[in-house]
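Undergrad: Sequence first, then the predicted structure, then my questions.
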Amino acid sequence: MIHKARVPLSSPHAREKLMHRDSSWDPLPVRGTAQLTCQFLLTTVYAPVHWVLCTAFTLVYLAFGYVLELISWIPGVESGYMKLADLVYGRILPWWPRWFVSLPELRHEGDVAFYQARVEAKLARWSDNWKYPHTEIPLRGYRAVGAGYVAERASEFGWRLTDGRQQPAAEVKLTRITYVQPTS
């Protein structure tokens, strides 16, 4: 195992190369067809119920926000409310949970060319949008090519890995460095 704290790194590029050397940055093994089919069927049955729950929670959250607006003069109330929103919508009740399987994922499981095109399309789409300096690519977007591929291609599109703790088993976080015209 490589310990980043013990290795002196002179450039961010060297740090990125070191970061994705372990097995968590490699492509994930292909899931079985039976498992994917079951997850897809569960997704088609549960997704509408999940989205109704998300919508209902959002309405309750907005209503609670109006009440909080009345007591916003208390220090820390707004920042706590925003932290709660990040927690709930990011981890507890995401719009598209990690176990959901879409039809393209079911059809193209293990297809490296499909996932390469998916990663490049996502990077190109976000590279054209200069409003947002950060983006995240979830695991379902790079499953067959691995997070290491995302890190390598991101630099060609003007992105770098976000400093801090990366979780390649869940998502890759990227930060814009500069505008670069893609070479493909």
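TA: All right, it came through fine.
Undergrad: measure stretch 99-112 end to end?
TA: Distance between the two ends of stretch 99-112: 20 Å, counting by C-alpha to C-alpha, to the nearest Å.
Undergrad: Stretch 64-75 too?
TA: 17 Å.
Undergrad: what's the answer for stretch 98-117, then?
TA: Length of stretch 98-117, first residue to last, C-alpha to C-alpha: 20 Å.
Undergrad: what residues does that stretch touch?
TA: Identification of contacts with stretch 98-117 by C-beta atoms under 8 Å, 6 or more residues apart in numbering yields 27, 30-31, 33, 36-37, 39-40, 43, 47, 138-145, 149, 170. Glycine gets a C-beta too; all of them are placed from N, C-alpha and C.
Undergrad: Now, the residues you listed that are in helices?
TA: Judged by DSSP state H, the subset of the contacts of stretch 98-117 located in helices is 33, 36, 37, 39, 40, 43, 47, 149.
Undergrad: Check the contact between residue 85 and residue 61; I expect there is one.
TA: Yes: Residue 85 lies in contact with residue 61 (C-beta atoms under 8 Å); the separation is 7.0 Å.
Undergrad: if we can go back for a sec, take the contacts of stretch 98-117 and, keeping just the buried ones, write it as a PyMOL select command.
TA: With 16 or more other C-beta atoms under 10 Å as the criterion, this PyMOL line picks the buried residues out of the contacts of stretch 98-117:
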select buried, resi 27+36+39+40+43+140+141+142+143+144+145+149
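Undergrad: If we go by neighbour counts, what in stretch 156-169 is buried?
TA: 157, 158, 159, 160, 161, 166, 168.
Undergrad: Throw these into JSON lines and include distance to residue 73, thanks.
TA: Compiled in JSON lines, these are given as follows (distance: C-beta to C-beta, whole Å):
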{"residue": "157", "distance to residue 73": "44"}
{"residue": "158", "distance to residue 73": "42"}
{"residue": "159", "distance to residue 73": "40"}
{"residue": "160", "distance to residue 73": "40"}
{"residue": "161", "distance to residue 73": "40"}
{"residue": "166", "distance to residue 73": "39"}
{"residue": "168", "distance to residue 73": "43"}
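Undergrad: biggest separation within the residues you listed, which pair?
TA: 158 and 168 (20.5 Å; C-beta to C-beta).
Undergrad: ok, which stretches of this protein are strands?
TA: Under the criterion DSSP state E, strands of the chain are mapped to 134-138, 159-161, 171-176.
Undergrad: For residue 53, find the nearest of these.
TA: Ranking the strands of the chain by their distance to residue 53 (criterion: C-beta to C-beta) puts strand 134-138 first, at 20.1 Å.
Undergrad: Show which residues not belonging to the closest one make contact with it.
TA: Applying C-beta under 8 Å, 6+ apart, the external contacts of strand 134-138 come out as 98, 119, 122-123, 126, 150, 159, 162, 170-176.
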